[in-house]
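Asks: Using only what follows, build the 3D model:
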Amino acid sequence: MVVFLRGCSFRCCYCQNYKIWGAVLPINVEELLREIERNRDYVNALVFSGGEPTLRPSLLHLLAEEAKEDGLLVGIETNGTNPEVLDMLIDARLLDGLFIDLKAPLSNPQKYARIVGIRNADAYVKKIGQAIDIGCAALAAKKLVDFELRTTLFKGLLSDKEIVEMVNKFQVRYALQQGRAEMCARGDLVALARDEIVELAVQCGRPLRIRTREKGDEGVG
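Replies: Prediction:
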């Protein structure tokens, strides 16, 4: 079961959930908890996405606690800009899966800023690096069940060299995802074909996951 939380620190050009970037609507927590309980027999995990879910640390803690008490696994899909929130949840044993969306090489804050639609990403790339380090350490210490980095691909946003650099900088599970141009905030983006993503994955020289509309989730390498 996925819970999408409004608000985000980024304005990514390819965001599929751009309609929930802005104004934060009031949340009826009790209603949300009832919905989780109502579906309890049909799900084994609760995943927080957005927007950027770590902008709501108190709500995350509360819902994760409730989910764990109900025997559910808990995951977060995040841009990685609030590592202290991830650290808090991991230390409290409230997080099982961590999935960080890496937008560009952390070595290039200017490119990162262009893709995520902000003026300066210097501070953000440092925080994202910290979040990845937290995830790696937690996975090694068996405090996480699952940790993945992922990048969504469109023509012209990243070079092949940049993608290879991103994939090989961190030796954790990595997924290359096919973008959905028809759902994006920006209307002129073009998705890569599955064959192009396979070719990129092979260039990276290590096992990867790829996700495409043609064949879903696959392993390459």
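Asks: which residues are in contact with stretch 17-34?
Replies: Applying Cβ atoms under 8 Å, 6 or more residues apart in numbering, the external contacts of stretch 17-34 come out as 3-8, 11, 15, 49-51, 59, 62-63, 66, 184-185. Using the backbone N, CA and C atoms, a C-beta is placed for each residue, glycine as well.
Asks: likewise stretch 8-16?
Replies: With Cβ under 8 Å, 6+ apart, stretch 8-16 has contacts from 18, 20-21, 50-52, 55, 79, 81, 103, 115-118, 124, 152, 154, 157, 179-180, 183-186, 189.
Asks: Buried members of these into PyMOL, please.
Replies: To isolate the buried ones among the contacts of stretch 8-16 in PyMOL, judged by 16 or more other Cβ atoms under 10 Å, type:
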select buried, resi 18+20+21+50+51+52+55+79+81+103+115+116+117+124+152+154+157+179+184+185+189
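Asks: Next step: the contacts of stretch 8-16 restricted to helices.
Replies: In this view, those that belong to helices under DSSP state H are I115, V116, Y124.
Asks: ok, of the residues you listed, which one's closest to D91?
Replies: Closest approach between the ones in helices among the contacts of stretch 8-16 and D91, by Cβ to Cβ: Y124, at 22.8 Å.
Asks: Roughly how far does that closest one sit from K143?
Replies: Using Cβ to Cβ, to the nearest Å, Y124 is found at 25 Å from K143.
Asks: Where do the strands of the protein begin and end?
Replies: Here the chain has its strands, by DSSP state E, at 2-5, 45-50, 73-78, 97-101, 146-153, 173-178, 208-212, 216-220.
Asks: quick one: which of those strands has the weakest pLDDT on average?
Replies: Sorting those by mean pLDDT places strand 2-5 lowest, at a mean of 90.
Asks: Name the spans of the chain whose pLDDT lies under the cut-off.
Replies: 23-26 (pLDDT under 70).
Asks: quick revisit: show the buried residues in the contacts of stretch 17-34.
Replies: So, by 16+ other Cβ under 10 Å, the buried ones in the contacts of stretch 17-34 are 3, 5-8, 15, 49-51, 59, 63, 66, 184-185.
Asks: surely K127 meets G80?
Replies: Yes. Using Cβ atoms under 8 Å, K127 is in contact with G80, at 6.8 Å.
Asks: Comparing these two, which residue is more hemmed in?
Replies: Each of K127 and G80 has its neighbours counted (other Cβ atoms under 10 Å); G80 has more, 26 against 17.
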